[in-house]
Structures are given as C-alpha cells and as structure tokens.
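J.: Show me the folded form of this:
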Amino acid sequence: MTNAQTPTVTLIRGDGIGPEIADATLRALEAAGATLRWDEQIAGMEAVSRIRDPLPAETIASIEKTRVALKGPLATPKGEGFRSVNVALRQHFDLFANVRPVATWQGVPCRYKDVDIILVRENTEDIYAGIEHYVGPGRSAAESIAIITKYGSERIVRHAFELARREGRKTVTLVHKANILKYSNGLFLDVGKHVAAEYPDIAFNDMIVDATAMKLVLAPEKFDVIVTMNLFGDILSDLCAGLIGGLGLAPGANLGANAALFEAVHGTAPDIAGQGIANPSALMLAAAMMLDHLRMGESAKRLRGAIARAVADDRTRTRDLGGKADTKGFTDAVCEYAKG
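T.: Down below sits the predicted model:
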C-alpha cells in the first residue's frame, strides 16, 4: 500500500488502562500487517487535566478529517461533572449504530458454548438523548425524557438487517417494552415490523426486554442478531459480554454515514492502571473491526486469528480470563502469531 493510500486514523488512547492497551493494540496491528497512519488526540480526564475540556475541538476536527477513530476507555464522573464523552461523540458525529459482537472463545472459562451474537443498538436517541431536568423546589424530583423517532428506528433496524444479510445471519430479534411503553416502544416495534417485511430471506421476531434477558441466560445460542433501542442495548450488550467471559473480550463499533469510531467497551479500570496486567483483547478486536471497515480484511483476519490462539492457551491468556500472562506476555504472543 502506497503512502497516499495509507489510511489515517484518529487515535485516542484513553484514561486508566487505556494507554497500555492502546500501545499493545498498535503493536498487534503492525504485526498483522496493517499499515496505518495515526493522528493522536486526547479526550476524557486527560483532556480535562491538560486543557479543562473533556472533548477538545482539535479531537473533533481530527475525526471530521480522518472519519475513523480508535478509542480506549474514557472516564466519566458519576453524578457530577461533564456528561459522557462517549455519548457526546456519538451524537456529534451521528454515530447511530452501535455494533457489539460476542462469541465464545476456546480456553476462556464461561458457562456457555456456541454463543455467537451480534447486538445492534440505536446509539443517539432514547433516554440518552440528554433531555432531563429537575422538577419541584429543592431538586425534590428529576425527569428524563426518552425520544424515539420513526427515522431513528427505521435506520437502525435496517442497519441490523443489512448486517445480518452481509454476515450470513439467519434471524433478527427486535427487543422492546411495547407492552408498557406503548407509544415510544410501540413506534419502534411498528417500524421494525415494517422494515422486516422488506427482508423475507431473514427470519424476524420481537421480544420484550425482560423476557430477552431471561432467555439470553437460559439459551443464548438461540440468538443471532439482536436490534434494540439505546438503553436496552447498553444493558443487554454487557449481559451478552458476561455470557462469554466478560467485557475483556467485547469490542464495539459506532457507525454513522460520515464517521466510524471503534472502541473497547469496558471501563478505565483505574485500580490496575500502570501495573501491566490489563487485557488488551477488546481493543484489539475493535481494531480488527476497524480493519474490516477500512477494507483491510486480510489483516483483520490475521489479527483475530492471533488473538484466538493467544486466548486459547492459559500461558498466554491474561489473568482476568483465568490465564497466567500479563499485558506484555499476551501481546508478545499475539504479535508472534500474527506474523506467523
């Protein structure tokens, strides 16, 4: 690939363990033969400490230019301070589709076999639209408003069906709470049924969210592609990660018409930051999704295969997954397999 053809990607290393797993991921990408140029920017608590702005204009401008970003976890204060930078990025760039694949991995201790689910979450509406305020004197109550639109519902359900068709998936399950939230969730369900009729080659069913949670625990192998609204998607995606061993193996893609952001969906883990024991698998897997997006499929395949081999062996699997390796040991193994 010539220099003119080499993609430039915005890199946000993140907070806590973010810089450690970002360094590991850059090594793995190079070993897998992915030639990329990086425009490194800051966000989150690092940006606050440097310039008192959690999402600097320079970072936004970089993503507007590159249209692709790889991001480590960012810290958000609980109950005070700035709102989530993750949410702000999704809304600013209209990254309406959050795609989180989960699958069982050989060697990783978990309760299930044959889990292979792609969860597609609407990423810009619902309760995360940020419309909330206090009600009554003395902050005696608070009100949050969920917004569900026909436009937002249609494009996320269509995205799920197009993904299912492209990936050779057989079933799309739409998750809702329309039995209680008859207007907002009812709209999402009605739009979903309308879109599903355009894809007769893919089976469609709908399921109430609480029943979905139960059935995911009882028989996760029966699910294929799940599409749902923002809040339910946030909760169920973590549940799905728990089915396969935890968030350490859970990558995420945030996709829009004009930009794409790939990330590890776990937190910053400040309790282990700087100790060299963080698991970089999720960010590496997010980087593989990024390579697919950039049409660098051979490198993506090589990277995923190397991660799978390193995870399968308890000598090179990280400790959070029941292995014996630290960050460097795991990354060394991934790089060796990727070059192989």
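J.: pLDDT below threshold where in the stretch 51-200 of the chain?
T.: The stretch 51-200 of the chain contains residues with pLDDT under 70 at 77-83.
J.: Quick one: the strands in it, in order.
T.: When secondary structure is read from DSSP state E, counting those that start in this stretch, the stretch 51-200 of the chain shows strands at 68-71, 97-103, 116-122, 126-135, 141-147, 171-176.
J.: Those: which one's closest to G242?
T.: Set against G242 and scored by Cβ to Cβ, the strands of the stretch 51-200 of the chain come closest in strand 97-103, at 9.1 Å. C-beta coordinates here come from the backbone N, C-alpha and C atoms, glycine included.
J.: ok, which stretches of the stretch 1-150 of the chain are helices?
T.: Secondary structure of the stretch 1-150 of the chain (DSSP state H, counting those that start in this stretch): helices located at 18-31, 44-51, 57-66, 85-92, 150-166.
J.: Which of those sits closest to D116?
T.: Relative to D116, the nearest member of the helices of the stretch 1-150 of the chain by Cβ to Cβ is helix 150-166, separated by 12.5 Å.
J.: residue contacts, D126?
T.: The contact partners of D126, taken as Cβ atoms under 8 Å, 6 or more residues apart in numbering, are 146-148, 229-231.
J.: if I look at it, how far off is H176?
T.: 11 Å (Cβ to Cβ, to the nearest Å).
J.: Can you pull the residues that touch both of these two?
T.: In contact with both D126 and H176: M229, using Cβ under 8 Å, 6+ apart.
J.: Adding distance to Q5, write the strands of the stretch 51-200 of the chain out as TSV.
T.: As requested, the strands of the stretch 51-200 of the chain are exported to TSV (distance: least, Cβ to Cβ, whole Å):
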stretch	distance to Q5
strand 68-71	14
strand 97-103	26
strand 116-122	30
strand 126-135	37
strand 141-147	41
strand 171-176	35
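J.: Compare those strands and report which one is nearest to G44.
T.: Of all the strands of the stretch 51-200 of the chain, strand 68-71 sits nearest to G44, with 9.3 Å by Cβ to Cβ.
J.: Just list what that closest one packs against, helices and strands only.
T.: Other helices and strands packing on strand 68-71, by 3 or more Cβ pairs under 8 Å, 6 or more residues apart in numbering; DSSP states H and E, are strand 8-12, strand 260-264, helix 281-293.
J.: Could you export the ones you listed as TSV, including mean neighbour count and distance to L70?
T.: Shown next, in TSV, are those (neighbours: other Cβ atoms under 10 Å; distance: least, Cβ to Cβ, whole Å):
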stretch	mean neighbour count	distance to L70
strand 8-12	23	6
strand 260-264	27	5
helix 281-293	25	6
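J.: Same list, these, but as TSV with distance to A253 and mean pLDDT please.
T.: Formatted as TSV, the helices and strands packed on strand 68-71 follow (distance: least, Cβ to Cβ, whole Å; pLDDT from 0 to 100):
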stretch	distance to A253	mean pLDDT
strand 8-12	13	98
strand 260-264	5	97
helix 281-293	5	98
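J.: still on that earlier bit, kindly give a single ChimeraX line that selects the buried subset of the contacts of D126.
T.: Selection of buried members from the contacts of D126 for ChimeraX, criterion 16 or more other Cβ atoms under 10 Å:
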select :146,148,229,230,231
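J.: Which two among the contacts of D126 are spaced furthest apart?
T.: Farthest-apart pair in these is I147 and L231; separation 11.6 Å (Cβ to Cβ).
J.: who does the closest residue to M290 other than its chain neighbours bridge with?
T.: Leaving aside its sequence neighbours, M290 sits nearest to F262 (Cβ to Cβ, 6 or more residues apart in numbering; 4.2 Å). Counting by DSSP bridges, F262 forms beta bridges with L70, A253.
J.: can I assume F262 is in contact with M289?
T.: Yes: applying Cβ atoms under 8 Å as the test, F262 and M289 come out as touching, 5.5 Å apart.
J.: between the two, what contacts are shared?
T.: With Cβ under 8 Å, 6+ apart as the test, F262 and M289 both reach 251, 253.
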